[in-house]
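> Quick one, what's the 3D model for this:
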Amino acid sequence: MKKLILIFSILFQFGFVNAQLSGTYQIGINQPFPFNTITNAVNNISTVGVSGAVTFLLTDSLYEESGIEFITVPGTSVTNTITLRPANGVDVEIKGNGDFVFGIDRTSHLFFEGKSPDNTGSLTITSTETVIGSSVIKATTPINTAGNTLNIHISNCTINAAPPFFSEKTEPKTYCFNFPSTNNNVHTDSIILSNNIFRGGDFSIHLIDNSISKITYKITDNQFISAGSIAIVDAASVGTSCIIQGNSFEYTNLAFDIELSIIYIFGGLNININNNLFNGINYNFLSFKLDASVFNFSGIQNIK
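Sure, this is the predicted structure:
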């Protein structure tokens with residue numbers, strides 16, 4: 001009888017780990033494998049994929065994990081999304097070091113939601129790493145293969161990078177949100193960052209495309225507190241909607257070689273920069289380089 005129970009237990013766990021995911025799963029130390037850590041849960045979903053919308057509810061107040069990487073999760077779509085958020089009544093912090101806390105490798109329709117379902121919980125993601133290139137959230141190589149669509153939404157979170165190490169003409173070290181690209185494949189991306197708090201980092205947001213893409217980015221209603229600059233390079237093509245609007249910048253530190261500006265844009269089209277507040281900053285709040293393409297700005301109404 002004991003052997004029979006053991007066999008059923010093994011079969012149940014094997015099926016639990018290897019079945020495609022759909023629905024809500026609690027992630028915490030008291031949950032069964034692979035939902036006992038964020039790393040295990042993300043490794044599992046990267047392997048088995050999804051058959052419906054998935055929500056990972058974080059039930060512990062502290063997760064000391066890093067190198068958590070979503071890798072080409074099978075089955076994601078507009079309806080089959082992946083959401084990471086705190087459970088009701090839990091103020092969650094994910095704290096790590098190394099190259100990144102969260103990595104995103106060719107995984108689309110991914111949501112980091114900082115509010116719990118009933119708005120009583122919160123989510124903070126912190127990197128304590130200071131080595132060059134370290135990030136809180138990073139697109140790992142390669143991020144955009146031919147025809148790939150990358151949709152990433154981060155809202156209502158607090159994103160803490162290590163304190164800035166900026167000194168003019170030295171290499172930047174740390175990033176809150178780092179999405180570089182190194183190829184020229186056609187892809188369509190959507191990156192939405194809204195209602196977050198960014199702290200620290202030589203760059204708070206770093207988008208470099210260098211591709212023949214159609215990218216949409218919306219950076220709206222965020223707070224940047226002692227954070228690095230926003231740098232956007234070649235990250236917009238004709239027909240897209242690119243918005244930096246309603247953000248507040250307080251005592252912002254400046255990153256390497258960005259013309260001593262809080263928002264630095266090199267190339268791109270159809271970019272709207274509106275109603276941003278720059279408080280206590282003695283540097284340029286906006287600068288552009290036109291080398292890459294022609295800009296089309298509308299409604300620039302920013303307050304310094």
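> list the contacts for residue 82?
Contacts here follow Cβ atoms under 8 Å, 6 or more residues apart in numbering; on that basis residue 82 touches 45, 50, 53, 54, 56, 70, 73, 76, 107, 109, 110, 111. (C-beta placed from N, C-alpha, C; glycine too.)
> which of those lies closest to residue 84?
Ranking those by separation from residue 84, with Cβ to Cβ as the measure, puts residue 56 on top at 4.9 Å.
> what pLDDT, on average, does the host helix or strand of residue 41 get?
The secondary structure element spanning residue 41 is helix 38-48 (assigned by DSSP states H and E). For helix 38-48, the mean per-residue pLDDT is 98.
> Could the C-alpha coordinates of it be exported in CSV?
As requested, the backbone C-alpha atoms of helix 38-48 are provided in CSV (Å, rounded to 0.1, in the frame of the first residue of the first chain):
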residue,chain,number,x,y,z
ILE,A,38,10.2,32.1,-8.2
THR,A,39,13.2,30.6,-9.9
ASN,A,40,11.7,27.1,-10.0
ALA,A,41,8.3,28.3,-11.1
VAL,A,42,9.8,30.4,-14.0
ASN,A,43,12.1,27.5,-15.0
ASN,A,44,9.1,25.3,-15.1
ILE,A,45,6.9,27.6,-17.2
SER,A,46,9.8,28.2,-19.6
THR,A,47,9.9,24.4,-20.2
VAL,A,48,6.2,23.4,-20.3
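> buried ones in that helix?
Neighbour-count burial for helix 38-48 flags 38, 39, 40, 41, 42, 43, 44, 45, 46, 48 (criterion: 16 or more other Cβ atoms under 10 Å).
> Do I have it right that the last one meets residue 41?
No: taking contacts as Cβ atoms under 8 Å, residue 48 lies outside contact range of residue 41: 10.9 Å.
> So what's the residue count around residue 94?
For residue 94, the tally of surrounding residues (other Cβ atoms under 10 Å) stands at 24.
> Tell me the helices and strands packed up against the helix or strand following the helix holding residue 41.
Using DSSP H and E, the next helix or strand after helix 38-48 towards the C-terminus is strand 50-58. Packed against strand 50-58, as judged by 3 or more Cβ pairs under 8 Å, 6 or more residues apart in numbering; DSSP states H and E, are the following elements: strand 21-27, helix 38-48, strand 82-86.
> ok, now with 6 Å
Secondary structure elements in contact with strand 50-58, counted by 3 or more Cβ pairs under 6 Å, 6 or more residues apart in numbering; DSSP states H and E, are strand 21-27, strand 82-86.
> Residue 273 is nearest to which of those?
Between residue 273 and the helices and strands packed on strand 50-58, the shortest gap by Cβ to Cβ is with strand 82-86, which sits at 29.1 Å.
> Give the partner strands of that closest one in its sheet and their orientations.
According to DSSP bridges, strand 82-86 has the following sheet partners: strand 50-58 (parallel), strand 110-113 (parallel).
> Can you lay out these as a markdown table showing mean neighbour count and distance to residue 20?
What follows is the strands paired with strand 82-86, written out as a markdown table (neighbours: other Cβ atoms under 10 Å; distance: least, Cβ to Cβ, whole Å):
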| stretch | mean neighbour count | distance to residue 20 |
| --- | --- | --- |
| strand 50-58 | 19 | 4 |
| strand 110-113 | 19 | 16 |
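> Distance to residue 217 for the ones you listed - can I get that in TSV?
Below are these laid out as TSV (distance: least, Cβ to Cβ, whole Å):
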stretch	distance to residue 217
strand 50-58	24
strand 110-113	15
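> can you tell which of the ones you listed is closest to residue 220?
Put simply, out of those the one that sits nearest residue 220 is strand 110-113, at 15.3 Å, with distance taken as Cβ to Cβ.
> next SSE after the closest one?
Counting by DSSP H and E, the element after strand 110-113 in chain order, helix or strand, is strand 122-127.
> Following element in sequence after that next one, please.
Reading on from strand 122-127 to the C-terminus, the next helix or strand found by DSSP H and E is strand 134-139.
> which helices and strands does the next helix or strand after that next one pack with?
Following strand 134-139 in sequence order, the next helix or strand is strand 149-155 (DSSP H and E). If contacts are counted by 3+ Cβ pairs under 6 Å, 6+ apart, strand 149-155 sits against strand 110-113, strand 188-194.
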